[in-house]
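Q: Based on what follows, work out the 3D shape:
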Amino acid sequence: MKKFNDKRNIVGSLIREYREKSHYSKMELSRKLELLGVELDRFELYKIETNKKSVKDFELIALCIVLDIDFNELKKLVENY
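A: Below you'll find the model as predicted:
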């Protein structure tokens, strides 16, 4: 599997930050994602948040929608890497 600086994604910490700001448990976030047709269980969310799982484009879009993450935040994150 491809990695960048030994990580499988660079958005994990941002997702954790927004999930905690929203006061969602991983299980609650998983349920909200299911309503958008995206199946990520709490263990997969843990792996994303700890940069151990790659994030597919549709998963990232759904996470941004549910957590109300501005796409400009993602852009800043990428620019800072």
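
Q: per-residue confidence for Glu73?
A: Looking at Glu73, its pLDDT is 82.

Q: before we move on, what SS does the nearest residue to it once chain neighbours are set aside have?
A: Closest residue in space to Glu73, ignoring its immediate chain neighbours: Leu14 at 6.6 Å, by C-beta to C-beta, 6 or more residues apart in numbering. For the C-beta atoms, the positions are set from N, CA and C on the backbone; glycine is no exception. Secondary structure assignment for Leu14 (DSSP: H, G, I helix; E, B strand; the rest coil): helix.

Q: burial of Leu14, as a residue count?
A: Neighbours of Leu14 under the rule other C-beta atoms under 10 Å: 19.

Q: Show me the shaky parts of this structure.
A: By pLDDT under 70, the low-scoring segments of the chain are 1-5, 81.

Q: circling back to that earlier point, state the distance from the residue nearest to Glu73 to Gly37.
A: 22 Å (C-beta to C-beta, to the nearest Å).

Q: And Leu74, by the same measure?
A: Using C-beta to C-beta, which is the criterion applied here, Leu74 is 21 Å from Gly37.

Q: Which one's more surrounded, those two?
A: A count of neighbours by other C-beta under 10 Å puts Leu74 above the other of Leu74 and Gly37, at 15 against 8.

Q: Quick check: which element contains that one?
A: Here Leu74, judged by DSSP states H and E, is contained in helix 71-79.

Q: Can you pull out the residues in contact with that helix?
A: Ile10, Val11, Leu14, Leu60, Cys64 (C-beta atoms under 8 Å, 6 or more residues apart in numbering).

Q: I'd guessed the second one sits against Val55; true?
A: Yes. Contact status for Val11 versus Val55: in contact at 6.1 Å, counting by C-beta atoms under 8 Å.

Q: which residues are common contacts for these two?
A: Joint contacts of Val11 and Val55 (C-beta under 8 Å, 6+ apart) are Ile48, Leu63.
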